[in-house]
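model the following, please.
(2 chains)
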There are 2 protein chains.
Amino acid sequence: MLKQSALIDPVFHALAHPTRRVIVERLSRGPASVSELAKPLDTTLPAVVQHLAVLEASGLVRSEKTGRVRTCCIEPVALRTAEDWIAERRATWERRLDRLGDYLVKDPDHQEG
Amino acid sequence: MLKQSALIDPVFHALAHPTRRVIVERLSRGPASVSELAKPLDTTLPAVVQHLAVLEASGLVRSEKTGRVRTCCIEPVALRTAEDWIAERRATWERRLDRLGDYLVKDPDHQEG
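Alright, predicted model coming up:
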């Protein structure tokens, strides 16, 4: 669990900020330079660079510098890891509800407290 | 966006801690009292209560007190909101890859830089 946690903690942490989610949303539509990412955001360039550092540390984004331009891309594996974690919990919960439903249909006099 | 962000920020923040994810994992299998939740965790009861407060504030968990026992349940709507947000980004990214693939098949001499 610890090894997986070490990977998932920073992904959920990175996604917990609206500006970083806007950046992920933009990058899901294709690569962008840092200044392209900063343009629609109501924040300073150093703040954007800091958000990108959090996203890169989480594994959600990678970037490459060519000359003076740093281009950022999404890393879908990290996105998938977080999505899978949530989906598994939801599936467990839904299976439990199904079992509870079956039980109540078979034995309608009993209800879980 | 701001209204949705106000809902999603605390969900991702809550999921960014391994102890809180263990609690969500346990509750996805069914309701549990605070002491049942605390038992397998390597932490103090006050720390568990604090984690539960973060989970309740995020909308991921709700609790009810009957006599001296507080019972906690999962709230699947918040879990679904976070899952949907990630799934939409991944779908956008995959559609873009598909379009890029089609483009490269039609015109193999061009590659996106």
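
go through the helix or strand in which residue A:13 is found and flag the buried ones.
When elements are assigned from DSSP states H and E, residue A:13 belongs to helix A:2-15. Buried residues in helix A:2-15, counted by 16 or more other C-beta atoms under 10 Å in any protein chain shown: A:8, A:9, A:10, A:11, A:12, A:13, A:14, A:15. Heads up, the C-betas are built off the backbone N, CA and C, glycines and all.

can you narrow those down to the ones near chain B?
A:8, A:9, A:10, A:12, A:13, A:15 (C-beta under 8 Å from any C-beta of the partner chain).

what does chain A put close to chain B?
Within reach of chain B by C-beta under 8 Å from any C-beta, chain A has these residues: A:1-2, A:5, A:8-10, A:12-13, A:15-18, A:21-22, A:24-25, A:28-30, A:74, A:76, A:79-80, A:82-83, A:85-87, A:89-90, A:92-94, A:96.

now the residue lying closest to residue A:37 once chain neighbours are set aside: how far from residue B:10?
Of all residues not flanking residue A:37 in the chain, residue A:23 sits nearest, at 5.6 Å (C-beta to C-beta, 6 or more residues apart in numbering or on different chains). According to C-beta to C-beta, to the nearest Å, residue A:23 and residue B:10 sit 19 Å apart.

ranges for the strands of chain A?
Secondary structure of chain A (DSSP state E): strands at A:32-33, A:61-66, A:69-74.

between those strands, which one is nearest to residue B:45?
Residue B:45 lies closest, by C-beta to C-beta, to one member of the strands of chain A: strand A:61-66, at 38.4 Å.

can you put the strands of chain A in a markdown table and add mean pLDDT?
Rendered in a markdown table, the data for those read as follows (pLDDT from 0 to 100):
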| stretch | mean pLDDT |
| --- | --- |
| strand A:32-33 | 96 |
| strand A:61-66 | 95 |
| strand A:69-74 | 96 |
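
now those as a markdown table including mean neighbour count?
Formatted as a markdown table, those follow (neighbours: other C-beta atoms under 10 Å in any protein chain shown):
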| stretch | mean neighbour count |
| --- | --- |
| strand A:32-33 | 17 |
| strand A:61-66 | 14 |
| strand A:69-74 | 17 |
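
can I get those strands in JSON lines including distance to residue B:67?
Below are the strands of chain A laid out as JSON lines (distance: least, C-beta to C-beta, whole Å):
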{"stretch": "strand A:32-33", "distance to residue B:67": "56"}
{"stretch": "strand A:61-66", "distance to residue B:67": "49"}
{"stretch": "strand A:69-74", "distance to residue B:67": "50"}
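
for the helix holding residue A:13, give me every contacting residue.
Contacts of helix A:2-15 with the rest of the structure, by C-beta atoms under 8 Å, 6 or more residues apart in numbering or on different chains, involve A:20-21, A:24, A:54-55, A:57-60, A:78-79, A:81-82, A:85, B:8, B:12-13, B:15-18, B:21, B:82, B:85-86.

can you check stretch A:55-73 too?
Taking C-beta under 8 Å, 6+ apart as the rule, stretch A:55-73 contacts A:7, A:10-11, A:13-15, A:20, A:23-24, A:27, A:31-34, A:37, A:52, A:74-75, A:77-79.

which helix runs longest in chain A?
helix A:76-106 (DSSP state H).

worst-scoring helix or strand of chain A, pLDDT-wise?
Sorting the helices and strands of chain A by mean pLDDT, DSSP states H and E puts helix A:2-15 at the bottom, at a mean of 84.

touching, residue A:28 and residue A:74? I think so.
Yes: in this structure, residue A:28 is within contact of residue A:74 by C-beta atoms under 8 Å, at 5.5 Å.
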